[in-house]
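# here's my sequence, what's the structure:
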Amino acid sequence: MNNSDAGSPPWSPRRSGTAAIRCSPASPACTSIPSAAAARNATTTCVDGPPSASAIPAPADRRSKKDPQILEALTELIEPATGGDPMTQTKYVRRSLQTLSDGLRCQGHTAGPDTVADLLRELGYNRHVNVKRFTGPAHPDRDRQFRYLEEMVACFRAEGWPILSVDTKKKERVGDFKNPGAVGCRHGDAVNAHDFRQDAWCRAVPCGLYDCLANRGHGVVGTSADTPAFAVDAIADWWGRRGGHRYPDAAALLILADAGGSNGCRPRLWQKRLQESLADRYGLVVTVCHYPTGASKWNPVEHRLFGPSSTNWAGTPLRSPEVLLACWRGTQTRTGLQVPAAWQARPYPKGVKVSNAEMAQLHILKHDTCPQWNYTIEPRYLWN
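Got it, this is the predicted structure:
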């Protein structure tokens with residue numbers, strides 16, 4: 001090693017063996033000064049500026065040029081562990097980058113995990129996650145029901161009668177539990193390491209109602225079971241607190257609900273409680289339209305109410321009922337959405353049966369279009 005090499009800076013051409021570029025302030029041209037080691041093979045090039053990004057080879061390209069056999073070796077490593085769709089050429093690798101890097105090193109190829117990732121992208125491999133896409137066979141009356149729903153919504157909207165979208169959100173454990181999401185704060189909240197149910201203060205059952213005409217929400221949080229009686233009581237609570245005052249001249253109410261669950265089209269208790277708690281109590285003509293099976297995501301309450309409310313309390317531990325209600329009440333959107341919420345501690349037993357004799361006393365009128373999903377419940381008593 002020469003003494004001149006020891007005193008050269010790291011970028012010196014004498015140390016690196018590459019050509020140095022000297023630019024003159026008076027002229028945009030550049031002169032290449034090759035080192036002694038590279039003078040025989042160096043080529044003098046004049047440029048007017050720095051090279052473009054497209055002219056700089058990618059790390060994977062540089063690696064494959066230095067080691068042409070590395071792509072073939074990597075392909076041999078990943079082919080036994082490769083899966084994908086042969087029709088779309090979508091591929092993914094089940095081995096980690098470090099494992100592939102170690103396998104290449106055993107074959108005499110040097111490539112770190114980052115370089116392996118670049119080589120995989122060059123070969124057309126990408127990391128993918130499962131995508132929920134298949135909903136099963138569509139119901140034969142699916143399109144027919146959607147068209148009928150649009151007609152009913154348009155009819156009620158023209159009359160100025162209330163349209164209420166109803167559904168129950170997923171259960172929430174109230175206590176020191178981790179809530180998915182992130183919030184802007186200096187320090188994260190410390191929560192329990194395990195989500196044991198016995199450590200919860202209670203298990204909250206949030207029931208959401210969305211007023212489609214007024215763009216207003218209403219939440220009722222229960223602590224018992226998610227039953228049809230609880231769902232109907234939430235609707236009756238909304239009508240008594242806000243719906244009746246917001247629509248004083250309304251003669252009918254349209255309820256949009258899913259085909260399954262506590263407010264589905266099959267539970268008899270759902271229809272019986274609608275008759276007693278809404279139609280008979282308030283003199284309302286209640287029309288119910290259910291979304292087809294597997295189409296609950298089209299229910300307006302899902303994206304109009306549950307979406308913003310979930311975003312509002314994401315990353316916030318629901319340590320107490322007050323925190324849960326505050327997060328729901330604090331939900332707002334640019335379109336003016338507001339969500340008042342109430343706590344319901346009343347117990348609701350499961351497995352309540354409704355006999356055929358009780359069903360025969362209900363004033364239920366099935367619609368001609370998809371009668372299993374569309375029906376109207378009229379009051380059994382005369383109202384002035």
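
# where does the chain dip in pLDDT?
Scanning the chain for pLDDT under 70 picks out 1-66, 80-94, 383-384.

# and the next element down the chain from the lengthiest strand in it?
Longest strand in the chain, counting residues (DSSP state E): strand 202-211. Sequence order places strand 216-222 as the next helix or strand after strand 202-211, per DSSP states H and E.

# compute the inter-axis angle for that next one and strand 202-211.
Calculated by axes from the mean of the first three to the mean of the last three CA atoms, to 10 degrees, strand 216-222 forms an angle of 160 degrees with strand 202-211.

# show me what strand 216-222 pairs with in its sheet, parallel or antiparallel.
strand 202-211 (antiparallel), strand 341-344 (parallel) (DSSP bridges).

# with distance to Thr376 and mean neighbour count added, can I get those in TSV?
All C-beta spots, glycine's among them, are computed from the backbone N, C-alpha and C. Listed next are those as TSV, based on distance: least, CB to CB, whole Å; neighbours: other CB atoms under 10 Å:
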stretch	distance to Thr376	mean neighbour count
strand 202-211	19	22
strand 341-344	27	17
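
# list the contacts for the residue lying closest to Gln107 once chain neighbours are set aside?
Excluding the flanking residues, the one nearest Gln107 by CB to CB, 6 or more residues apart in numbering is Ala73, at 5.2 Å. Ala73 is in contact with 104, 107, 109, counting by CB atoms under 8 Å, 6 or more residues apart in numbering.

# what's around the second one, how many residues?
Here the count is done by other CB atoms under 10 Å, and Gln107 has 12 residues near it.

# can you tell me how far it sits from Pro68?
For Gln107, the distance to Pro68 equals 14 Å [CB to CB, to the nearest Å].

# ok, Ser296 touching Asp167?
Yes: between Ser296 and Asp167 there is a contact at 7.2 Å, judged by CB atoms under 8 Å.

# show me the common contact partners of the two, please.
Contacts common to Ser296 and Asp167, judged by CB under 8 Å, 6+ apart, are 258, 302.

# helices along the stretch 201-350 of the chain, start to end?
Counting by DSSP state H, counting those that start in this stretch, the stretch 201-350 of the chain has helices at residues 228-238, 244-246, 268-274, 281-282, 300-301, 307-312, 321-329.

# alpha carbons only: can I get the third one in CSV?
Which is helix 268-274. What follows is helix 268-274, C-alpha atoms only, in CSV (Å, rounded to 0.1, in the frame of the first residue of the first chain):
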residue,chain,number,x,y,z
ARG,A,268,-90.6,-13.5,15.3
LEU,A,269,-89.8,-11.5,18.4
TRP,A,270,-88.6,-8.6,16.1
GLN,A,271,-91.9,-8.3,14.4
LYS,A,272,-93.9,-8.8,17.7
ARG,A,273,-92.0,-6.0,19.4
LEU,A,274,-92.3,-3.7,16.4
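
# one step back: figure out which of the strands paired with strand 216-222 is closest to Ala231.
Closest to Ala231 of those is strand 202-211 (CB to CB; 6.1 Å).
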